[in-house]
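Colleague: structure here, sequence nowhere to be found:
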């Protein structure tokens, strides 16, 4: 996601990948205090002044991260984070109108309508063929071959 939005640094949970496949194991879990620690380490290594940085979250689990920056924001927060944000006078942002990802990231555009129609027709034809084969095999099994 960081690459898609043009971020050159990302703090996120990392999964173990072996031979190009996920193993189901977690290499690093960016959660709660560990996320705040990773952000502090990143700021130290890159020379960022966290008092000038912004952070956004919807979850109370990110309170340590929000505390670590100068400009914390609660975005569509859960109940606990909303209460904490109001107590600390952090901005609370609420969004009720969804924005399609395709509008935000044009490179994720959908195929053209003709391409979708051809794909839908191909899938429909394949399903009809599979149904016909199934029906014929069931009929032969029930009534015997002619």
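Modeller: Right, received. Where do you want to start? In this text, all values refer to a predicted model and were calculated from it rather than measured experimentally.

Colleague: got a pLDDT number for residue 110?
Modeller: On the pLDDT scale, residue 110 is placed at 56.

Colleague: please apply the same query to residue 12.
Modeller: Per-residue confidence (pLDDT) for residue 12: 90.

Colleague: what's the answer for residue 123, then?
Modeller: Reading off the confidence values, residue 123 has pLDDT 62.

Colleague: again, but for residue 44
Modeller: On the pLDDT scale, residue 44 is placed at 96.

Colleague: buried stuff in the strand or helix carrying it?
Modeller: Element membership for residue 44 (DSSP states H and E) is helix 33-46. For helix 33-46, a neighbour-count test (16 or more other CB atoms under 10 Å) marks 35, 36, 38, 39, 43 as buried. Placement of C-beta: from N, CA and C, glycine included.

Colleague: tell me the one of those nearest residue 1?
Modeller: residue 35 (15.1 Å; CB to CB).

Colleague: surely that closest one touches residue 59?
Modeller: No. The pair residue 35 / residue 59 is not scored as a contact, 10.5 Å apart, by CB atoms under 8 Å.

Colleague: next up, the contacts around the nearest residue in space to residue 74 that is not next to it in sequence.
Modeller: Excluding its sequence neighbours, the residue lying closest to residue 74 (CB to CB, 6 or more residues apart in numbering) is residue 85, at 3.9 Å. Residue 85 makes contacts with 72, 74, 77, 91, 92, as judged by CB atoms under 8 Å, 6 or more residues apart in numbering.

Colleague: can you tell me the SS state at residue 85?
Modeller: Secondary structure, DSSP: H, G, I helix; E, B strand; the rest coil: residue 85 is helix.

Colleague: let's number from 59 now, not from 1
Modeller: Fine by me, first position is 59 from now on; the one you just mentioned is residue 143.

Colleague: if I look at it, how far off is residue 67?
Modeller: Noted for residue 143: a distance of 25 Å to residue 67, by CB to CB, to the nearest Å.

Colleague: how about the helices in this protein?
Modeller: 91-104, 121-125, 137-146, 159-162, 171-201 (DSSP state H).

Colleague: can you list the weak-confidence ranges in this structure?
Modeller: Residues of the chain meeting the criterion pLDDT under 70: 159, 161-204.
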